[in-house]
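In: predicted model and sequence below, questions to follow.
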Amino acid sequence: MHTKILLAVIGIVAIASGYLVYINKHTEPAQPTATTPVQKDGFDGKNASFVLNGENIILVNGMAEITTTPGSATKTKVTYFGNEATADLDGDGAEDVAYLITSDNGGSGTFYYAIVALKKADGYEHTNPFFIGDRIAPQSTYIPQGTRELHINYAERRDGEPMTTPPSSGAVLLLKVTPGGVLEGLMR
């Protein structure tokens, strides 16, 4: 009788252990949210965290990979592009940092986004990434003095040109940070 109970207990422990190993291998670790300040001392866009398309992204040395579909080998690569510009964009007197990132999901497109790290008392907090375009050619990012406007200069394709045509038409995207910390386009 004791042998049957002992075997039953061993069996239950083995099943529970196997389940814990399975869960550990098939779940992703918790990620910090985008509202967590990314840096305490100085800003480093290559090592920042934010939310892109509903996914928590943590850049490490300028790169992050996320699984596109659970169980799939396909990954989306998010990369720090740079083109940093600094100025006060939210009106609190502190210098914020605007920069560009790219997202590549393994297809033919490379999607460019502008994002702003807002300087807060305890570190930096990111806005939403703002989509600029697919396979564009970024030129410069700047904030004209006293405007609190972010200007993104880039080259794009002319209307009707195929995506295989190199970008050659100049464009400017004007953005602002709302009082609620949202990065949005300006109409002029």
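Out: Now that the structure is in, tell me what you want to look at. Source: prediction; values computed, not measured. Numbering: from 1, shown residues only.

In: hey, let's count contacts and neighbours off CA atoms from now on
Out: Will do.

In: neighbours around residue 164, how many?
Out: By other CA atoms under 10 Å, the residues close to residue 164 number 9.

In: with residue 182 instead?
Out: The local packing count at residue 182 equals 17, with neighbours defined by other CA under 10 Å.

In: now do the contacts for the nearest residue to residue 86 once chain neighbours are set aside.
Out: In this structure, residue 86 finds its nearest non-sequential neighbour in residue 97, 4.6 Å apart by CA to CA, 6 or more residues apart in numbering. Listed by CA atoms under 8 Å, 6 or more residues apart in numbering, the contact set of residue 97 reads 43, 84-87, 116-119.

In: distance of residue 97 relative to residue 87?
Out: Taking CA to CA, to the nearest Å as the criterion, residue 97 is separated from residue 87 by 7 Å.

In: could I get the buried residue list for stretch 65-81?
Out: For stretch 65-81, the buried set under the neighbour-count rule, 16 or more other CA atoms under 10 Å, comprises 65-66, 75-81.

In: for stretch 152-166, same thing?
Out: Along stretch 152-166, the positions that meet the burial threshold by neighbour count (16+ other CA under 10 Å) are 152-157.

In: which SS state does residue 43 fall under?
Out: coil (DSSP: H, G, I helix; E, B strand; the rest coil).

In: now do the contacts for it.
Out: Taking CA under 8 Å, 6+ apart as the test, what residue 43 contacts is 97, 124.

In: follow-up on the earlier one: could I get the pLDDT score of the residue nearest to residue 86?
Out: At residue 97 the predicted local confidence, pLDDT, stands at 96.

In: quick one: strands adjacent to the helix or strand where residue 117 lies?
Out: Using DSSP states H and E, residue 117 sits in strand 111-120. Strand pairing for strand 111-120, using DSSP bridges, gives strand 96-104 (antiparallel), strand 123-126 (antiparallel), strand 130-134 (antiparallel).

In: which residues does the longest strand along the chain contact?
Out: Using DSSP state E to assign secondary structure, the strand with the most residues in the chain is strand 75-87. Contacts to strand 75-87, defined as CA under 8 Å, 6+ apart, come from residues 45-46, 57, 59, 62-69, 94-106, 140-143, 145, 148.

In: state the distance from the nearest residue to residue 155 once chain neighbours are set aside to residue 138.
Out: Residue nearest to residue 155 in three dimensions, not counting chain neighbours: residue 170, with 4.5 Å by CA to CA, 6+ apart. Remark: distance between residue 170 and residue 138 (CA to CA) = 10 Å.
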